[in-house]
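Peer 1: need the 3D shape of this:
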Amino acid sequence: MMTFETVKIYVSERTDRDRLIAQLVEFGYSHSRRVAEEGDFARLGENVIIYPITFEYPIRVEFFDDLVERIRSVDPSTYEVIADHQSVIVLPMKGRIRRRRISRKKALLGEELPIDNFVDIESGDYVVHIDHGIGRYVGLELIEGKDGSSLDHLVIEYADGDKLYVPFSDLDKIQKYIGLERRVPALYKLGSKQWKRVKERSKRGIAKVAFEILELQAKRSSAAGVRFSPDTDWQRELEQKFPYKETPDQKRATREVKNDMESSRAMDRLLCGDVGYGKTEVALRSAFKAVMDNRQAAILVPTTILAEQHLITFRERMKDFPVAIECLSRFKTKTEQARIKEQLANGSLDIIIGTHMLLSSTVQFKNLGLVIIDEEQRFGVRHKERLKALRFIVDVLTLTATPIPRTLYLALMGGRDISLINTPPLERLPVETHVLEYDEAVIKEAILREKRRGGQTFFVHNRILGIEKLAQRLHTLVPEVTIEVAHGQMPERALEMTMLRFIKGEIDVLVSTTIVESGIDIPNANTLIVNRADTFGLADLYQLRGRVGRFIKNAYAYFLVPRRFILAQDAQRRLSAIRKYHDLGAGFKVAMEDLQIRGAGNLLGVEQHGYIQAVGFDLYCRLIKNAIDALGASGIGHHTKRT
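Peer 2: Next up, the predicted model:
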């Protein structure tokens, strides 16, 4: 029920969502991908989330058809439920000042810096002011100007409690402080010359790194790759048959990859996008483009199950075209593996999808033109060395949701090209995330709730030892559901059949190791339970959560830790981050957080680590970008290319 002056929504009454959204727009509310401040709203599948000015927290209105089932306050950071309500009254926004969350949205420097798109500044964060150094952002404050008007200013606290008030017009002078070590940075003293000295010393010190990156760029530019032909009619026909609506980012990423393929230099592009955002489709189109030019394409994936799933996807999308596609993994018999290798060598096979087996010296190609690497961070050191060598021979496209530190760094610095897919698929929902102590009552309720709505559950336990016993315990807890086990030491055919039955919906709960971490796409599985979540890396937790919420249903992720167990500090930070970064498109933020939690190791050497710690990773990247531009303008980059 709605009136002209307010919007009133009641539980168990019918409300037209389209009319509701139109009324919100009329009231001055802004459609947003993430509801983070007063005046935001979002439509997520069947639900509408609103941040009314009359509530302390956003309100999630949950619908069944047009019937309002529930109205709940939710935490804007985690979407965890805070309270239930019987009704909500929404007042107009017009004429009111909105609370604002500061985002890095300004461009400062003309498989714009990408970091600008992903790093948000929130109260309590350490920040770097380009003129005054490292301080702590403490919030916003209204300050009255000379003309009597009031404007929001950012308040940054420095050493000795001094405060700097920064108007929004100077937002481009502030970056979030990101250090690659685990220690907290020291605050600078306002008005001292120390910051100027540190910044100048860092500028001089990173000139060497800038020169090395220019050399890398020159080497890549001079490496002769495969120059593919423009799109064929069949290419356009394949793309028109894509069963989903392309997002703008998908279109742009596809165009950037094709431009690389049609150029004379070897492609080395990183395609960074969240789980389920459509990276596979971009890869599929590029592989098809290679085949249209009589070249072979190899897709390298980290797990056997993902290889099999990609095989199904590629064959289904290309079934109307004369493209020979196979999969090389341990699911194949020795005889089948030998046949596939022979077909690769004689050129009768166009596209090969496989695990690290593809990197074996026994695999030879007739006319390889493109290598696609899915989640490079999942491969070992020896495999990465082989991949590094490939980059100067054929075109390489790397897909990732959470790039590894060196890949991320090189992409930020221009040492590798990068394409970003930030737009979520239509009606994609964020996953409701909970970090809890192990509680069988919670586990039982989560599994049965998913069962009641006809869905399935992943239960991840990353130790093969004891996994069968855990499955038996779950069977005793919820005897009415079908439970089976999957892990990497099972016989190949048994594992394959178990996964096939789960995909078909014949199994309610799959108790597995992290073999399901990458790429498994089962829209009907929308509850994830991870046991001993404190033992997983942040990127692993993020990838696991990406197995659910890949359709229009509400999805739930439960990360369980032992009861009455004191967690290590790093484990606490990882679990806090996975709960915090629950929103759609958070993969890049997770990568940055992981970089800070783990430290950068030997990413750039001791000297460069010192500079990063002194000025922060964000400003460090910008200073290098400036140095690269200056060196290139002076002709050093051109000289390097000629030599």
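
Peer 1: could you pull up phi and psi at the nearest residue to Val481 once chain neighbours are set aside?
Peer 2: Counting by Cβ to Cβ, 6 or more residues apart in numbering, the nearest residue to Val481 once its immediate chain neighbours are dropped is Asp508, at 3.9 Å. Quick note: C-beta positions are derived from backbone N, CA and C, even for glycine. With angles defined as degrees, to the nearest 10, Asp508 sits at phi -80, psi -40.

Peer 1: does Asp508 touch Thr457 like I think?
Peer 2: Yes. With contacts counted by Cβ atoms under 8 Å, Asp508 reaches Thr457, the gap being 6.7 Å.

Peer 1: give the residues shared as contacts by the two.
Peer 2: Counting by Cβ atoms under 8 Å, 6 or more residues apart in numbering, the shared contacts of Asp508 and Thr457 are Ile447, Glu450, Lys451.

Peer 1: if we can go back for a sec, in terms of neighbours, single out the busier of Asp508 and Thr457.
Peer 2: Thr457 (28 against 21; other Cβ atoms under 10 Å).

Peer 1: what is the mean pLDDT for whatever helix or strand that one lives in?
Peer 2: For Thr457, the host element (DSSP states H and E) is strand 456-460. Average pLDDT, strand 456-460: 97.

Peer 1: what's it in contact with?
Peer 2: 446-447, 450-451, 470, 474, 502, 505, 507-514, 516, 522, 524-531, 544, 547-548.

Peer 1: show me where pLDDT drops low in the stretch 201-350 of the chain?
Peer 2: 220, 223 (pLDDT under 70).

Peer 1: tell me where it has helices.
Peer 2: Using DSSP state H, counting those that start in this stretch, the helices of the stretch 201-350 of the chain run over 207-222, 233-240, 248-262, 279-292, 304-317, 334-346.

Peer 1: report the buried residues of the last one.
Peer 2: What it means is helix 334-346. By 16 or more other Cβ atoms under 10 Å, the buried positions in helix 334-346 come out as Gln337, Ile340, Lys341, Gln343, Leu344.

Peer 1: please apply the same query to the shortest one.
Peer 2: For helix 233-240, burial by neighbour count (16+ other Cβ under 10 Å) applies to Trp234, Gln235, Leu238, Glu239.

Peer 1: can you tell me which of the helices of the stretch 201-350 of the chain is most buried?
Peer 2: Burial of the helices of the stretch 201-350 of the chain is given as mean neighbour count (mean count of other Cβ atoms under 10 Å); helix 279-292 ranks first at a mean of 24.

Peer 1: from the chain's centroid, how far away is that one?
Peer 2: From the chain centre to the centre of helix 279-292 is a distance of 21 Å (Cα atoms, centre = their mean, to the nearest Å).

Peer 1: list the residues that contact the residue nearest the centre of the chain.
Peer 2: Centroid-nearest residue in the chain, with Cα atoms, centre = their mean: Gly587, separated by 2.1 Å. Shown in contact with Gly587 (Cβ under 8 Å, 6+ apart): Cys272, Gly273, Asp274, Val275, Thr400, Ala401, Thr402, Tyr542.

Peer 1: now with 6 Å?
Peer 2: Asp274, Ala401, Thr402 (Cβ atoms under 6 Å, 6 or more residues apart in numbering).

Peer 1: specify the local secondary structure of Arg493.
Peer 2: Put simply, Arg493 is helix when judged by DSSP: H, G, I helix; E, B strand; the rest coil.

Peer 1: to what extent is Asp84 buried, counted in neighbours?
Peer 2: Here the count is done by other Cβ under 10 Å, and Asp84 has 10 residues near it.

Peer 1: over to Val68?
Peer 2: There are 22 residues near Val68, going by other Cβ under 10 Å.

Peer 1: tell me the contacts of it?
Peer 2: Here Val68 is in contact with Val11, Glu13, Thr15 (Cβ under 6 Å, 6+ apart).

Peer 1: pLDDT score assigned to the second one?
Peer 2: Yep, that's Glu13 we're talking about. Reported pLDDT for Glu13: 88.

Peer 1: contacting residues for it?
Peer 2: Val68.

Peer 1: swap in the first one?
Peer 2: If a contact means Cβ under 6 Å, 6+ apart, then Val11 has Val68, Ile71, Gln86 as its contacts.

Peer 1: also the last one?
Peer 2: Listed by Cβ under 6 Å, 6+ apart, the contact partners of Thr15 are Ile9, Val68.

Peer 1: how far away is it from Val68?
Peer 2: 6 Å (Cβ to Cβ, to the nearest Å).

Peer 1: repeat that for Glu46.
Peer 2: For Glu46, the distance to Val68 - Cβ to Cβ - is 11 Å.

Peer 1: what does His85 give?
Peer 2: On the measure of Cβ to Cβ, His85 and Val68 end up 11 Å apart.

Peer 1: and for Gln86?
Peer 2: Distance from Gln86 to Val68, by Cβ to Cβ: 10 Å.

Peer 1: kindly report the same for Pro243.
Peer 2: Pro243 is 32 Å from Val68, by Cβ to Cβ.

Peer 1: please apply the same query to Leu300.
Peer 2: On the measure of Cβ to Cβ, Leu300 and Val68 end up 48 Å apart.

Peer 1: and stretch 316-325, how far apart are its ends?
Peer 2: 11 Å (Cα to Cα, to the nearest Å).

Peer 1: buried stuff in that stretch?
Peer 2: For stretch 316-325, by 16+ other Cβ under 10 Å, it's Arg317, Met318, Val323, Ile325.

Peer 1: contacting residues around the first one?
Peer 2: With contacts defined as Cβ under 6 Å, 6+ apart, the neighbours of Arg317 are Leu284.

Peer 1: low-confidence ranges in the stretch 501-643 of the chain?
Peer 2: 518-520, 583-585, 598-606, 635-643.

Peer 1: quick one: the strands in it, in order.
Peer 2: For the stretch 501-643 of the chain, the strands defined by DSSP state E, counting those that start in this stretch cover 509-512, 525-530, 555-561.

Peer 1: got JSON lines for those, with mean neighbour count and distance to Phe288 too?
Peer 2: JSON lines is the format used below for the strands of the stretch 501-643 of the chain (neighbours: other Cβ atoms under 10 Å; distance: least, Cβ to Cβ, whole Å):
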{"stretch": "strand 509-512", "mean neighbour count": "26", "distance to Phe288": "32"}
{"stretch": "strand 525-530", "mean neighbour count": "26", "distance to Phe288": "29"}
{"stretch": "strand 555-561", "mean neighbour count": "23", "distance to Phe288": "31"}
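
Peer 1: separation between Leu344 and Leu358?
Peer 2: Counting by Cβ to Cβ, the gap from Leu344 to Leu358 is 9 Å.

Peer 1: what of Ile71?
Peer 2: 52 Å.

Peer 1: per-domain residue ranges of the protein.
Peer 2: The chain breaks down into these domains under automatic domain parsing: 7-90, 233-421, 431-583.

Peer 1: under the pLDDT cut-off, which ranges of the stretch 351-500 of the chain? List them.
Peer 2: 377, 380-382, 384-385, 387-392, 403-415, 426-428.

Peer 1: which residues of it fall in strands?
Peer 2: 351-354, 368-374, 395-400, 417-421, 431-437, 456-460, 483-486.

Peer 1: now for the last one, which elements pack on it?
Peer 2: The elements that strand 483-486 packs onto, with contact taken as 3 or more Cβ pairs under 6 Å, 6 or more residues apart in numbering; DSSP states H and E, are helix 467-477, helix 492-503, strand 509-512.

Peer 1: most packed of those?
Peer 2: Taking mean count of other Cβ under 10 Å, strand 509-512 is the most buried of these, at a mean of 26.

Peer 1: strand partners (parallel or antiparallel) of that one?
Peer 2: Note on strand 509-512: by DSSP bridges, its sheet partners are strand 456-460 (parallel), strand 483-486 (parallel).
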